[in-house]
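# with the input below, show me the fold.
(2 chains)
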Amino acid sequence: MTRHLITSAIPYINGIKHLGNLVGSQLPADLYARYLRARGHEVLFLCATDEHGTPAELAATKAGKPIEEYCAEMHAIQAEIAAGFGLSFDHFGRSSSLQNRALTQYFAGALADQGLIEEVVEQQVYSNADGRFLPDRYIEGTCPNCGFESARGDQCDNCTKQLDPVDLIDAHSTISGSTDLEMRETKHLFLRQSQLKDRLDDWISEKADWPVLTTSIARKWLHDGDGLRDRGITRDLDWGVPVKRGADDWPGMEGKVFYVWFDAPIEYIACAQEWVDAGKGDDWVRWWRTDQGADDVRYTQFMGKDNVPFHTLSFPATIMGSNEPWKLVDYIKSFNYLTYDGGQFSTSRGRGVFMDQALEILPADYWRWWLLSHAPETSDAEFTWENFQTSVNKDLADVLGNFISRITKFCRSKFGEAVPSAGEYGPAEHALIADLATRVAQYQIHMDAMEVRKSAQELRAIWSAGNEYLQAEAPWTTFKTDPEKAAVQVRLALNLIPLYAVLSAPFIPTAAASMLSAMHVETPDWPDDVPAALEGLAAGHIFEVPEVLFAKISDEDREIWAERFAGTRD
RNA sequence: GGCGUUAUAGCUCAGUUGGUUAGAGCGAACGACUCAUAAUCGUUAGGUCCCUGGUUCAAGUCCAGGUAACGCCA
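Numbering: from 1, shown residues only, chains lettered A, B, ... in the order given. Down below sits the predicted model:
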């Protein structure tokens, strides 16, 4: 069986992510990982926090904490929330780990050995009051062209004129407000991505099966203007991976760190080392080195569209440029954005639902189901409370939850809490089994292709098939004249529950576990043979009627939540 | 401004390489059932496939030009 390496884009450390972030990478990655494990594949599913860079430093300062402490705390919080959503990472690492530090320095050295690192001396804005170099986004001033007061260091958002920070009138730091800025010379390392343009272009061209969203973004960056540009991989900051050439010091680069975009994707590899060092695995190399066993690994990455350039170009440039046999990604599944009630999710304005809040108001499965069944695969998708309420109530409570409720309660009242033994399957039963076999096959096709919405649709149809069968066969009527026939009908319907649990577990793991627990069965194997799977509960098997699996969302709840998460509009 | 994505039923979306009468779920109307979380099941209604032009025996699908929405611009 193929081994599967799966990574989700690593969330930035400063703060709790919203539902849009979740559905764009971690959640579909988890769906896929759970599915492949259930199918019997060996899976390594990794994620981590992306901890370096100026925003993290500023957030730590704002929180009044040393950066290391801040990151450690935020990592713990994100890990807890991820667990709350049932994200089944084999390891949730940190880009600030020692493993990533060493590996990032190693890659920089390897790239330098290949002649792909260039030292460039450039002028950058230094803020004396802040004691740091300022990235363009932290410099504002009045545009000399149009008089717009909040022009940024690189461009005026009002008249779109390209600017240099020195052009701005009354340029000031947005961190401290200080106008005590000066231009200073500083030396940086650049990755000569332009040298790798043709190799990257050829590589992307091979990927005919990738989503349009993925390849079109990559092509744009490859072909726009002068093509792929060289890019700085270092910064004048304290917080980050210290610049070294492998294990050696890098003359002239003392006190500088690697730019976050360079070290963050390397964490995918380092995370596998962390996984081993944490005692959870015994060999990471066989997942990452094609010369040491990773040839049969299929590597899939999940991410939002904003992350596509880094994964299609920058990180592959690092891998290819090293000229060493590291595993390259085989498939990139990218997602559009989830919008909130007609606009964007906004951290600063508290608009939309964030991961911690979501878990406060409803169990993870509600969110998992809605988000996955509405995943923004082909275009942006919109979250509205009305849609959420309707979908969840209909799909989870009415179709799935009520099916389990109606059949277990009916059985209890007529036959007791044990699978009835009388009778044998007739034509209707065989028809249902055949129908389910077809649908399960279709479900697998969609899941294998990572067609998230279509998979959800098929799964729902599978749930519905149980209701259709009960409605058509009406054991409550049959029972009056032919109890033995009713027993057959009930036995088959009860057997659907473990089947549904296994099939549904990638989407709704908690509910699936409850279903199995109520039926008193261990997690069954994947139903490669549907007729056999439907013999799982033998006659006489004891079960119990489960608690209500999914309570409905009331109109009142919906209104309260809509109000609560609307945020403070400008 | 440059670039990208999108535009199909009241709503959310499917529609593979162009090929009969454009599909699903929700919502609506009607009906069936009464085991169940006032749940379920069935039937029906509902579309100028954004606009214009082109290629073709044939265009929702390909091409050109528009329009609109959203996003990105290191």
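
# for RNA strand B, what's the nearest residue on chain A?
Among all residues of chain A, residue A:401 sits closest to RNA strand B, at 1.8 Å; criterion: C-beta to the nearest atom of the strand. Every C-beta, even on glycine, is put in place using the N, C-alpha and C of the backbone.

# show the contacting residues for that residue.
A:548-550 (C-beta atoms under 8 Å, 6 or more residues apart in numbering).

# wasn't residue A:6 part of a strand?
Yes - per DSSP: H, G, I helix; E, B strand; the rest coil, residue A:6 lies within a strand segment.

# count the neighbours of it for me.
By the criterion of other C-beta atoms under 10 Å, residue A:6 has 24 neighbours.

# and the residue lying closest to it once chain neighbours are set aside, what does it touch?
Distances taken as C-beta to C-beta, 6 or more residues apart in numbering place residue A:45 nearest to residue A:6, at 4.6 Å, with adjacent residues excluded. Contacts for residue A:45 (C-beta under 8 Å, 6+ apart) come out as A:6-8, A:29-30, A:33, A:88-90.

# list just the nearest of the residues you listed to residue A:541.
residue A:88 (28.7 Å; C-beta to C-beta).

# helix, strand or coil for that closest one?
Under three-state DSSP, residue A:88 comes out as coil.

# likewise residue A:537?
coil.

# which residue sits farthest out from the middle of chain A?
residue A:481 (53.4 Å; C-alpha atoms, centre = their mean).

# what's the burial count for the closest residue in space to residue A:291 that isn't next to it in sequence?
Spatially, and ignoring its direct neighbours in sequence, residue A:291 is nearest to residue A:325 (4.3 Å; C-beta to C-beta, 6+ apart). By other C-beta under 10 Å, 14 other residues sit near residue A:325.

# pLDDT score assigned to residue A:325?
At residue A:325, the pLDDT value in this model is 96.

# hmm, back to that, most surrounded residue in the contacts of residue A:401?
Among the contacts of residue A:401, residue A:550 has the most neighbours (other C-beta under 10 Å), with 24 neighbours.

# now that residue, what's its secondary structure?
coil.

# how about residue A:183?
Assignment for residue A:183 (three-state DSSP): strand.

# pull the number of nearby residues for it.
Neighbours of residue A:183 (other C-beta under 10 Å): 13.

# please give me every residue in contact with the closest residue to it other than its chain neighbours.
Using C-beta to C-beta, 6+ apart and skipping the chain neighbours, the partner closest in space to residue A:183 is residue A:123 (4.7 Å). Applying C-beta under 8 Å, 6+ apart, we find residue A:123 in contact with A:183-186.

# which of these tops the neighbour count?
Tallying neighbours with other C-beta under 10 Å puts residue A:186 at the head of the contacts of residue A:123, with 16 neighbours.

# surely that residue is in a strand?
Yes - applying three-state DSSP, one finds residue A:186 inside a strand.

# residues touching it, list them.
Contact analysis of residue A:186 by C-beta under 8 Å, 6+ apart lists A:121-124, A:133, A:236.

# now do the buried residues in stretch A:103-113.
A:103-112 (16 or more other C-beta atoms under 10 Å).

# list the contacts of residue A:361.
A:557, A:561.

# domain-wise, how is chain A divided?
Taking automatic domain parsing as the reference, chain A has its domains at A:3-104+A:260-381, A:116-249, A:387-533.

# distance from the chain centre to the last one, please.
Going by C-alpha atoms, centre = their mean, to the nearest Å, the spacing between the C-alpha centre of domain A:387-533 and its chain's C-alpha centre is 29 Å.

# secondary structure of residue A:190: a strand, I assume?
Yes - assigned with three-state DSSP, residue A:190 falls within a strand.

# that one touches residue A:121, doesn't it?
No - contact criterion C-beta atoms under 8 Å: residue A:190 and residue A:121 do not qualify, at 11.0 Å.

# residues touching the residue lying closest to residue A:86 once chain neighbours are set aside, list them.
With C-beta to C-beta, 6+ apart as the criterion, residue A:86 has its nearest non-adjacent residue at 4.8 Å, and that residue is residue A:509. Residue A:509 makes contact with A:34, A:86, A:88, A:365, A:368, according to C-beta under 8 Å, 6+ apart.

# list the beta-bridge partners for residue A:18.
residue A:354 (DSSP bridges).

# contacting residues around it?
By C-beta under 8 Å, 6+ apart, residue A:18 lies in contact with A:340, A:345, A:347, A:352-355.

# for RNA strand B, tell me which of those show up nearby.
Counting by C-beta under 7 Å from any atom of the strand, the subset of these that neighbours RNA strand B is empty.

# least confident of these?
Lowest pLDDT among these: residue A:347, with 71.

# is it true that that one touches residue A:15?
Yes - between residue A:347 and residue A:15 there is a contact under C-beta under 8 Å: 6.2 Å.

# quick one: residue A:265 and residue A:471, what's the gap?
Distance, residue A:265 to residue A:471, by C-beta to C-beta, to the nearest Å: 52 Å.

# comparing the two, which residue is more hemmed in?
Neighbour count, other C-beta under 10 Å: between residue A:265 and residue A:471, residue A:265 has more, with 26 against 8.

# tell me the SS of the more buried one?
Of the three states, residue A:265 takes helix under three-state DSSP.

# is it true that it touches residue A:313?
No - applying C-beta under 8 Å, one finds residue A:265 not in contact with residue A:313, separated by 10.8 Å.

# what stretches of chain A score poorly on pLDDT?
Of all residues in chain A, those with pLDDT under 70 make up the ranges A:145-148, A:150, A:152-166, A:208, A:212-213, A:224-227, A:342, A:348, A:567-570.

# hey, where'd the helices end up in the stretch 201-350 of chain A?
A:212-223, A:260-277, A:285-288, A:308-309, A:315-322 (DSSP state H, counting those that start in this stretch).

# of these, which is nearest residue A:70?
Checking the helices of the stretch 201-350 of chain A against residue A:70 by C-beta to C-beta gives helix A:260-277 as the closest, at 15.5 Å.
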